[in-house]
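[1] okay, sequence plus prediction incoming.
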Amino acid sequence: MNTFTKDPVSPDYVDPAHAPAFGVCVTTMSRVDTLAACLDNLERCVPRADCVVVSDDSPDAATRAANAAVVARHPGVVYLEGPRRGVFANRNNAMRHCLA
C-alpha cells in the first residue's frame, strides 16, 4: 500500500517526521487518459506528495470537464483551468497554486 512501513527494522521504513515534503505540478492539455494514468501513478508514490495540482490548458470545454472528472476521483488533488496562453503560462499557473 502507499503508507509508511511501521517497522523501524524494515528496509522500507521511512520515519514520517523525516520524510521529504514535496509538491507535484501536472500540466495537461487534451490528454484525459494520460492524466488519469499520471494521477494513478502518483497515488502509489511513497512518500506521498504533500500537494498535487493539475493545470488544464485544454481549449475544449468537454475535455476540461473530462479532466476535472479524472481529478475528482483523486482526493486531495487540486484542479485548475489553465490560462491557455502556452505551456510556460500553464506551468506557472500550477506553480503559483502549489507554492501558495
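    Yep, it's here. Residues are numbered from 1 along each chain as shown.
[2] give me the neighbour count for P59.
    As a burial measure, P59 scores 10 neighbours (other CB atoms under 10 Å). C-betas here are computed from N, CA, C, even on glycine.
[3] just V52 next, same as before
    Neighbours of V52 (other CB under 10 Å): 22.
[4] quick one: contacts for it?
    V52 is in contact with 23-24, 26, 39, 42, 74, 76-78, counting by CB atoms under 8 Å, 6 or more residues apart in numbering.
[5] partner residues bridging it?
    V24, V77 (DSSP bridges).
[6] and the pLDDT for it?
    For V52, the model assigns a pLDDT of 96.
[7] go on, L35?
    For L35, pLDDT reads 98.
[8] for the spatially closest residue to S30 that is not a sequence neighbour, list the residues it contacts.
    Setting aside the residues directly before and after it, S30 is nearest to S58 in space (CB to CB, 6 or more residues apart in numbering), at 4.8 Å. By CB under 8 Å, 6+ apart, S58 lies in contact with 28-30, 64, 67, 82.
[9] quick one: buried ones out of those?
    The neighbour count (16 or more other CB atoms under 10 Å) marks 28-29, 64, 67, 82 as buried among those.
[10] restricted to helices, list these.
    64, 67 (DSSP state H).
[11] output the below-cut-off pLDDT ranges for the chain.
    Applying pLDDT under 70 to the chain flags residues 1-20.
[12] go with 50
    Along the chain, the parts satisfying pLDDT under 50 run over 1-2.
[13] can you tell me how far the most centrally placed residue in it sits from V70?
    The centre of the chain sits closest to V52, judged by CA atoms, centre = their mean, with a distance of 3.3 Å. Distance, V52 to V70, using CB to CB, to the nearest Å: 12 Å.
[14] identify the contacts common to these two.
    L39.
[15] endpoints of stretch 25-33, how far apart?
    The straight-line separation of the ends of stretch 25-33 (CA to CA, to the nearest Å) is 17 Å.
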